[in-house]
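Trainee: Curious how this folds, go ahead:
(one chain, ligands or ions: 2)
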Amino acid sequence: MADVLLEARDLRAGYVPEVDIVRGCDLDVAEGDLVSVIGPNGAGKSTLIKSLFGLVPVRGGTVRFKDEDVTGAPTHRLVAAGIGYVPQTENVFPTLTVEENLEMGAYLRPRILEDRYEELFEWFPILAERRKQRAGTMSGGQRQLVALARALMLQPSLLLLDEPSAGLSPANVDVIFERIQLINSKGVAILMVEQNARRALAMSDRGYVLEMGQNRFTGPGKELLNDPKVIDLYLGGRASGGAQSA
Ligand SMILES: Nc1ncnc2c1ncn2[C@@H]1O[C@H](COP(=O)(O)OP(=O)(O)OP(=O)(O)O)[C@@H](O)[C@H]1O
Ligand SMILES: [Mg+2]
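Mentor: Ligands and ions are numbered 1, 2, ... in the order given. Model (predicted):
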């Protein structure tokens, strides 16, 4: 098995005092792995991701990243350690151009800008064509690419993605998943929350089903995809062929 990159144990986190939303989660991401978290609305998926990025207070448990204890560490320290994050909503600066959005992603190390532009424009050619366009005038799919590229500016070893395919047309969903697999193939580990559970599990080394802030099922993505209980409870039943219940 590859080296462990991120390891959360009995993680507890929440917004309001004494109300835990994440209620004792365990999570492992190995170097270079693609890992998905699925589960019903309100299960705490976004809260889990945010707590791993210092955006929601951690109340208990431990988080280790690259063999260091980062439990409750502030966001800037996690970014410096090599974690990138793309939020579920409002993940670009709409009035800034593509280039300026990417620049914001490199604020800690402005000198790397030109090198990073080069690689990221190679991974996302459409952004090279549109580097002077304001992000707010782009399609949902293109904005999601801007958000991905911004989060990759500091060459993270782990990328946290919250519902990268949400609200996109089927064609754009294909584009985003294909780009995510490309990023992963370059060695960037990915932990993503997805509503598009079948697609996400099918491409994942590991999957987690979260329910009410706790691990419900865990296993290799393809195993979960074929587990009758997971199918019945979370994948819209056996005959659905990928359709998702709301
Ligand atoms: N900023 C906040 N302040 C207080 N409670 C919040 C906040 N954000 C989310 N919650 C609560 O935390 C719980 C879990 O929300 P979360 O957004 O983590 O779920 P989710 O699994 O990401 O759901 P979805 O699939 O709808 O994105 C919900 O009960 C929600 O009301
Ligand atoms: Mg969410």
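Trainee: What is the burial count for Leu113?
Mentor: Neighbourhood size, Leu113 [other Cβ atoms under 10 Å]: 15. C-beta here means a position set from N, CA and C on the backbone, and glycine is covered the same way.
Trainee: mind listing what the closest residue to it other than its chain neighbours touches?
Mentor: Nearest residue to Leu113 in three dimensions, chain neighbours excluded: Ala106, at 5.6 Å (Cβ to Cβ, 6 or more residues apart in numbering). With contact set as Cβ atoms under 8 Å, 6 or more residues apart in numbering, Ala106 has these partners: 112-113, 116, 153-154.
Trainee: now Ala106: how far from Leu182?
Mentor: Distance from Ala106 to Leu182, counting by Cβ to Cβ, to the nearest Å: 20 Å.
Trainee: Among the contacts of Ala106, which pair sits farthest apart?
Mentor: The most widely separated members of the contacts of Ala106, counting by Cβ to Cβ, are Leu113 and Leu154 (10.9 Å).
Trainee: same for the longest helix along the chain, what does it pack against?
Mentor: Longest among the helix segments of the chain by residue count, using DSSP state H, is helix 170-185. Other elements packing on helix 170-185 under the criterion 3 or more Cβ pairs under 8 Å, 6 or more residues apart in numbering; DSSP states H and E are strand 34-38, helix 113-123, helix 140-152, strand 189-193.
Trainee: residues touching the residue nearest to the spatial centre of the chain, list them.
Mentor: What sits nearest the mean C-alpha location of the chain, by Cα atoms, centre = their mean, is Leu161, with 1.6 Å. Leu161 is in contact with 85-86, 148, 180, 190-193, counting by Cβ under 8 Å, 6+ apart.
Trainee: Now name the helix or strand holding it.
Mentor: Assigned by DSSP states H and E, Leu161 belongs to strand 158-162.
Trainee: the inter-axis angle of that strand versus strand 189-193?
Mentor: Counting by axes from the mean of the first three to the mean of the last three Cα atoms, to 10 degrees, strand 158-162 lies at 10 degrees to strand 189-193.
Trainee: Strand 158-162 near ligand 1 anywhere?
Mentor: No - on the criterion Cβ under 6 Å from any ligand atom, strand 158-162 is out of touch with ligand 1, staying 7.3 Å away.
Trainee: Extract the C-alpha trace of that strand and format it as PDB.
Mentor: Extracted C-alpha coordinates of strand 158-162, given in PDB (Å, rounded to 0.1, in the frame of the first residue of the first chain):
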ATOM      1  CA  LEU A 158      -3.700  16.800  -1.700                       C
ATOM      2  CA  LEU A 159      -6.600  18.500  -3.300                       C
ATOM      3  CA  LEU A 160      -9.900  18.700  -1.400                       C
ATOM      4  CA  LEU A 161     -12.900  19.100  -3.800                       C
ATOM      5  CA  ASP A 162     -16.500  19.800  -2.600                       C
END
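Trainee: Give the rounded mean pLDDT of it.
Mentor: Mean pLDDT, strand 158-162: 98.
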